[in-house]
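*Asks:* I need the structure of the sequence given here:
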Amino acid sequence: MFFALVAATALSLPALAAEPAKTAGATPEESIRGFYSWYVTALVANRDPLKQRAEMKRFATDRLLKEIDKMKKGPEGLNGDYFLDAQDFDEQWAKKISVSNVKIEGAKAAAHVLLDGPEGMRKKLLVQLVNDAGGWKIDKVQGRDGGD
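*Replies:* This is a model prediction of the structure:
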């Protein structure tokens, strides 16, 4: 009996470890927190989130992902990380995500986001979302003055 329980548990572990990130959230706040937690965690683990298309599509609109692809291939390329509006990041940003001033107008929303790290390494962003198939997805990110 004990062996069967251990074997069943061991067999289920790979499935749990491979579980994809959550889908777009029921609220803009949930989507933003879920996205930035996953995104920064991927960066910390030295995995390029933009190459994880299935997970990116859970949090960002197809329109935005196509726009980022065009920017990367363009003559100027991407100058830093689009979603962080920065060239560097702090691993604490995965845990210290503040969302404020959320405004929802129909199927669109916008919110101020603060990614806060130690010793003043902070990033302020304006994140715009759209409601896509019942979940909020990021459609645009802009840096706000005074972020670094």
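*Asks:* And D62, how close does it get to G25?
*Replies:* 18 Å (Cβ to Cβ, to the nearest Å). No exception for glycine: its C-beta is placed from N, CA and C like everyone else's.
*Asks:* Between those two, which has more neighbouring residues?
*Replies:* With neighbours defined as other Cβ atoms under 10 Å, D62 and G25 compare such that G25 has more, 19 against 12.
*Asks:* so the more buried one sits right up against K137, yeah?
*Replies:* No. At 9.2 Å, G25 does not count as touching K137 under the criterion of Cβ atoms under 8 Å.
*Asks:* any shared contact partners between these two?
*Replies:* S31 (Cβ atoms under 8 Å, 6 or more residues apart in numbering).
*Asks:* Go ahead and flag the most central residue of the protein.
*Replies:* The geometric centre of the chain, computed from its C-alpha atoms, lies nearest to F35 (Cα atoms, centre = their mean), at 2.6 Å.
*Asks:* show me the contacts for that one.
*Replies:* F59, A60, F83, I138.
*Asks:* Now the first one. Nearest residue, chain neighbours left out?
*Replies:* By the measure of Cβ to Cβ, 6 or more residues apart in numbering, the closest residue to F59 outside its immediate chain neighbours is F35, 4.0 Å from it.
*Asks:* okay, the one you found: pLDDT?
*Replies:* What the model reports as pLDDT for F35 is 97.
*Asks:* would you say it is within a helix?
*Replies:* Yes. The assignment for F35 by DSSP: H, G, I helix; E, B strand; the rest coil puts it in a helix.
*Asks:* low pLDDT regions in the chain?
*Replies:* Within the chain, the stretches with pLDDT under 70 are 1-24, 77, 145-148.
*Asks:* Can you check which strand is longest in it?
*Replies:* If each strand of the chain is counted by residues according to DSSP state E, the longest one is strand 122-132.
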